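Peer 1: next one to model:
(3 chains)
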Amino acid sequence: MSDATTGATTTGTAKQHLVMEHLVSLTYRDALPPSLDRFVDRLLEGHIVGHRCPSCSRVYVPPRGYCPMCVVPTAADHEVEVSDRGILTGFTVITPIAYYGQQETEPFVHASVRLDGADTTLVGVEITGVPHDELRMGLRVKAVWKPESERSTEGISSRGWGGVSSVIDSFEPTGEPDAPPDEYRDHVF
Amino acid sequence: MAERCAVVGVGQTHFTKRRDDVSMPGLLREAVDRALDDAELTLADIDAVVIGKAPDAFEGIVQPELFLADALGAAGKPLMRVHTAGSVGGSTVLVAAHLVQSRIHRRVLAVAWEKQSEGNAQWGLAGGRSGGIGAGGAFAPWIRAYIQRSQAPEYIGWMVAVKDRLNALKNPYAHLRIADITLEKVKESPMLWDPLRFLESCPSSDGACAVVLTDEAGGRRAPRPPAWIAATAMRSELGQFPGRDPVRPQAGVECSADVYRLAGITDPRRQIDVAELYVPFSWYEPMWLEGHDIAGPGEGWKIVDAGETEMGGAFPVNPSGGVLSSNAIGASGMVRFAEAALQVRGLAGEHQVDGARTALAQAYGGAAQYFALGILRSDPD
Amino acid sequence: MAATGTATDIAVVGWAQTPAVRRSPSTEVQLLVPTITDAIAMAGLDRREIGFTCSGSCDYLTGGPFAFVQNLEASGAWPPIAESHVEMDGAWALYEAWVRLQHGDIDTALVFSSGKSSASEPMELWPHQLDPYYLAPLGVDPASLAGLQARALLDAGKATERDFAEVVARSRRNGRANPNAQLTGEADVDALLAEPYLREPLRRHDLPPIGDGAAALVLARGARARELCARPAWIRGIDHRIEPHQPGMRDLTTSTSAALAARKAGYDGGPLDLAELHAPFSPQEIVLRQSLGLPEGTEVNPSGGALAANVVMVAGLARVIEAAARIVDGGADRALAHATNGQLLQHNLVCVLEGE
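Peer 2: Next up is the predicted model:
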């Protein structure tokens, strides 16, 4: 067998003579497109920007460089700044599963936050300052920014995975009253 | 008018944690040979091969169908490789059926597989990064939204988990065999992706599934009863956009409406005898009952609660034990079609639903955004 | 019934391509947004009228599982669409769409594909397309495999190194007229032959350029095609065949699968105005020409072919687009387009196109 792509070691009851360990390393260069380049620059400065679709006016954060609803390109002149406060629209608490490269060991929150002024949600953010059993959809939250000197672009990918965690540590409750379901139920993702 | 298409052969491997006694080609051939035996055909009788599997990263091979071509006897034939995320096994059957329905080929082999033990799907799902959330992490927020919206009691998820594992005990190919499973055991199992518990989640399996599809003449002369593909439909939608309802995705609603219309079904709950639905996490059973208009919004969990989806119930779901009991990812969608076919052929053995003549097969994938559905029947008309 | 039929007339009525470039700053989906929009606009359709959509791409190019899922964002998948995807060159997505159109219940289809080789190291990546037990661990890259094929061709007396260089010179010269080509210009055959080997007997210029890009194509059926296009490029036949993967199982100097696909696609060896052959390595064009039995006088790769622009997952579909374009503009009446998938021409598709 070939244990391709992973660093996992082969264990268990396999007959060793049947097992071939084949670890693969591939190099990828993930260049950020101009739309995200600008988003990252502003993020490092402590501002969150998105693109407003010229056709339907929906605001996408991070900017995708197009509106998938209208299938039209968006660019720098469609840039708008949004708030670093918003609504927790959906979440789960993840018990990390071990795999090659996994560094998480303790349960962590995987949440979606719709920032004020945005129509999309930031996905995969951590929520702190509230016990896990008090998390709820509709919770008003605000960004906890890393000190400027500690911010990096490490977690940001052109594929839209990873996220802002290398700049914004987490989101925490603002103390404002919860938002009504109308404001989050269409933004669970 | 499209040609009629029949499933005349079904083959599965036993689903299990790791099959290190066979290579990938060996695994596929096990399923393929069983399907061909069922159809009393050989590889030489096959006109074209369609292969489906989930992302290549799961085994670490780019386009593995290229090397599998040899073992599948595909040399000199057309070979297609389908990839539509988790729905791929279902889509693979549909693409193969299209080749028959369009009269391009008369006998097509469709095969779908995953050999998760030869790679690492969690690594693959995370794109090689830390902090991967797994499929459960992706679906858990929507399951929470469903529970909140429908006001379903939390034991509904446990009930589905128990029911599918008990069904699996009657399916010789199923991976998980938890004879002593109870609501209490599910409830006490670790919370993996809140609100999803360990026993409410699917396993990681090695395995393959194959089906042989023929035209009407092939179906009529098949050695065992065929399953007639009465209707198929596929739909896709954007995974994330403002206003999207990932709990009851529109693509799923429209896909089922299409397949019911094509099959002349107006009351799916009464007119369908058995359903094999893609339920990798227990809550997806009530969610798909609603997502495919088998139950009204907020009513799906009540059907589960009433026991209607059990083997002897009015609307049995996943008599095979479903994805909750066996999950060789790429194969899982095809197993739904294969099991639906076995039901309407009357060949499902111990997990046969009495008198099943119309079955629904469903697969979904991505961010609950890809759908492949089929209606299979005992009769051609 | 024959493997392919002409029972249903299906034609290419619109298309668009991005230029092939070494490194595009855009993501695949950003490349696809204007490309798909332009192809649909050329056909005079609204995207909501499209009956079926099929795309081709390869996750491993950008290294992300489910990379194709995001490409859905360029295809207007809201409201939901009937859609499928192949982990193959876009030419096979075209095949699937053509099959779907045979059913007769829909009359238009959109096909698209994209590829960004700039994100990875091709020589590092493509060895993993080989048999994981017997070949991948050897780490043989595509150029080395193509070198073995070239050597076999020379040893069989079916071609000379000069023949390889002439393919390169013609491809680059033809590419000058193709606004989407990446590697173009005048090349002197003797000067090419004076260059050092990269993988003997192949020189660097016998290899394709590495490119990023996207392409889209619109198909329509019967009367609808005539409505949408003054002179549709009718698909008279299309078929594809695969061969064994193990190179030792095959005669590398010939392509039995391309020849079989051509026959099944209804190509009878008759006159052709042009052939667009997807031959990433120069000797492969010679293998294809000989195996397909192209008549004398057939113009080969007027676009410059894969030696002028080779966006992986797109280059096959681009051959169909280039052939169709020549028919639609009246420059040709009958053309053959070919696409390949895998190494060493393992899998080949042939599409015969005609004007009316």
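
Peer 1: and whichever residue of chain A sits closest to chain C, what does it touch?
Peer 2: Proximity of chain A to chain C (Cβ to the nearest Cβ) peaks at residue A:68, 3.7 Å away. From N, CA and C alone the C-beta is placed, and that goes for glycine too. Residues near residue A:68 by Cβ atoms under 8 Å, 6 or more residues apart in numbering or on different chains: B:238, B:241, C:73, C:74, C:77, C:78.

Peer 1: look up how far chain B lies from the fourth one.
Peer 2: Plainly put, residue C:74 is 10 Å away from chain B if you go by Cβ to the nearest Cβ, to the nearest Å.

Peer 1: about what we covered before: now for the closest residue to the residue of chain A closest to chain C other than its chain neighbours, how many residues are close by?
Peer 2: With sequence-adjacent residues excluded and distances taken as Cβ to Cβ, 6 or more residues apart in numbering or on different chains, residue A:68 is closest to residue C:73, at 3.7 Å. For residue C:73, the neighbour count with other Cβ atoms under 10 Å in any protein chain shown is 25.

Peer 1: could you look up the SS state of residue C:73?
Peer 2: Assigned with DSSP: H, G, I helix; E, B strand; the rest coil, residue C:73 falls in the helix class.

Peer 1: right, and it touches residue A:67 too?
Peer 2: No - Residue C:73 lies out of contact with residue A:67 (Cβ atoms under 8 Å); the separation is 9.0 Å.

Peer 1: all helices of chain C, in order?
Peer 2: In chain C, the helices defined using DSSP state H lie at C:28-42, C:59-62, C:67-71, C:90-101, C:122-125, C:142-155, C:161-175, C:189-193, C:222-228, C:256-264, C:282-292, C:305-308, C:315-328.

Peer 1: export these to a markdown table and tack on distance to chain B and mean pLDDT?
Peer 2: Below are the helices of chain C laid out as a markdown table (distance: least, Cβ to the nearest Cβ, whole Å; pLDDT from 0 to 100):
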| stretch | distance to chain B | mean pLDDT |
| --- | --- | --- |
| helix C:28-42 | 11 | 97 |
| helix C:59-62 | 5 | 92 |
| helix C:67-71 | 5 | 92 |
| helix C:90-101 | 5 | 98 |
| helix C:122-125 | 7 | 94 |
| helix C:142-155 | 11 | 98 |
| helix C:161-175 | 25 | 98 |
| helix C:189-193 | 31 | 98 |
| helix C:222-228 | 15 | 96 |
| helix C:256-264 | 6 | 98 |
| helix C:282-292 | 14 | 98 |
| helix C:305-308 | 18 | 98 |
| helix C:315-328 | 13 | 98 |
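
Peer 1: ranking the ones you listed by mean neighbour count, which comes first?
Peer 2: Counting by mean count of other Cβ atoms under 10 Å in any protein chain shown, helix C:305-308 has the highest mean neighbour count of these, with a mean of 30.

Peer 1: now for that helix, which elements pack on it?
Peer 2: helix C:161-175, helix C:282-292 (3 or more Cβ pairs under 8 Å, 6 or more residues apart in numbering or on different chains; DSSP states H and E).

Peer 1: quick one: closest of those helices to residue C:219.
Peer 2: The closest of those to residue C:219 is helix C:282-292. By Cβ to Cβ, the value is 23.5 Å.

Peer 1: give me the residues contacting that closest one.
Peer 2: Contacts of helix C:282-292 (Cβ under 8 Å, 6+ apart): C:146, C:149-150, C:153, C:158-159, C:163-165, C:167-168, C:171, C:202, C:205-206, C:252-256, C:258-259, C:262, C:267, C:275, C:277, C:279, C:300-301, C:305, C:307, C:336, C:338, C:340, C:345, C:348, C:350.

Peer 1: 6 Å instead?
Peer 2: C:150, C:153, C:159, C:163-164, C:167-168, C:206, C:254-255, C:258-259, C:262, C:277, C:279, C:345 (Cβ atoms under 6 Å, 6 or more residues apart in numbering or on different chains).

Peer 1: what is the orientation angle of it with helix C:256-264?
Peer 2: 40 degrees (axes from the mean of the first three to the mean of the last three Cα atoms, to 10 degrees).

Peer 1: tilt between helix C:282-292 and helix C:161-175?
Peer 2: Using the same axes, to 10 degrees: helix C:282-292 against helix C:161-175 is 90 degrees.

Peer 1: what's near enough to touch the residue lying closest to residue C:11 once chain neighbours are set aside?
Peer 2: Spatial nearest neighbour of residue C:11, chain neighbours left out: residue C:232 (3.4 Å); criterion: Cβ to Cβ, 6+ apart. Counting by Cβ under 6 Å, 6+ apart, residue C:232 touches C:11, C:13, C:225.

Peer 1: quick one, what contacts the first one?
Peer 2: Applying Cβ under 6 Å, 6+ apart, we find residue C:11 in contact with C:225, C:232, C:233, C:234.

Peer 1: beta partners for it?
Peer 2: Counting by DSSP bridges, residue C:11 is bridged to residue C:220, residue C:234.

Peer 1: just how off-centre is the top strand by length along chain A within its chain?
Peer 2: If you go by DSSP state E, chain A has its longest strand at strand A:85-94. Centre-to-centre, strand A:85-94 and its host chain are 11 Å apart (Cα atoms, centre = their mean, to the nearest Å).

Peer 1: any residues touching that strand, and which ones?
Peer 2: Under Cβ under 6 Å, 6+ apart, the answer for strand A:85-94 is A:107-116, A:121, A:132, A:135, A:139, A:141-142, A:179, A:183-184, A:187-188, B:133, B:137, B:140-141, B:193-194.

Peer 1: try it again at 7 Å.
Peer 2: Residues from elsewhere that reach strand A:85-94 (Cβ atoms under 7 Å, 6 or more residues apart in numbering or on different chains): A:107-116, A:121, A:127, A:132, A:135, A:137-142, A:174, A:179, A:183-184, A:187-189, B:133, B:137, B:140-141, B:144-145, B:193-194.

Peer 1: of those residues, which belong to strands?
Peer 2: A:108, A:109, A:110, A:111, A:112, A:113, A:114, A:115, A:140, A:141, A:142, B:193.

Peer 1: which pair in the residues you listed spans the largest distance?
Peer 2: Once Cβ to Cβ is applied, the ones in strands among the contacts of strand A:85-94 give A:142 and B:193 as the farthest pair, at 25.4 Å.

Peer 1: and the residue of chain B that's closest to chain A?
Peer 2: Closest point on chain B to chain A, by Cβ to the nearest Cβ, is residue B:60, at 2.5 Å.

Peer 1: assign a three-state SS to that residue, would you?
Peer 2: coil.

Peer 1: that one: how many residues sit nearby?
Peer 2: 25.

Peer 1: where does residue B:159 land in three-state SS?
Peer 2: helix.

Peer 1: surely residue A:109 and residue A:130 touch.
Peer 2: No - the criterion here is Cβ atoms under 7 Å, and residue A:109 misses it with residue A:130 at 9.2 Å.

Peer 1: more crowded one of those two?
Peer 2: residue A:109 (20 against 16).

Peer 1: that one and residue A:137, how far apart?
Peer 2: Residue A:109 sits 13 Å away from residue A:137, going by Cβ to Cβ, to the nearest Å.

Peer 1: about what we covered before: tell me what angle the longest strand of chain A forms with strand A:108-115.
Peer 2: If you take the same axes, to 10 degrees, strand A:85-94 sits at 160 degrees to strand A:108-115.

Peer 1: which residue is nearest the centroid of chain B?
Peer 2: By Cα atoms, centre = their mean, the mean C-alpha position of chain B lies nearest to residue B:333, the distance being 2.7 Å.

Peer 1: helix/strand/coil for that residue?
Peer 2: helix.

Peer 1: distance of it from residue B:99?
Peer 2: Taken as Cβ to Cβ, the span from residue B:333 to residue B:99 is 18 Å.

Peer 1: out of the helices of chain C, nearest to residue B:347?
Peer 2: helix C:90-101 (29.2 Å).

Peer 1: which secondary structure elements does that closest one contact?
Peer 2: Contact partners of helix C:90-101 among helices and strands, from 3 or more Cβ pairs under 7 Å, 6 or more residues apart in numbering or on different chains; DSSP states H and E: helix B:88-101, strand C:52-56, strand C:83-86, strand C:108-116, strand C:212-221, strand C:233-242, helix C:315-328, strand C:347-354.
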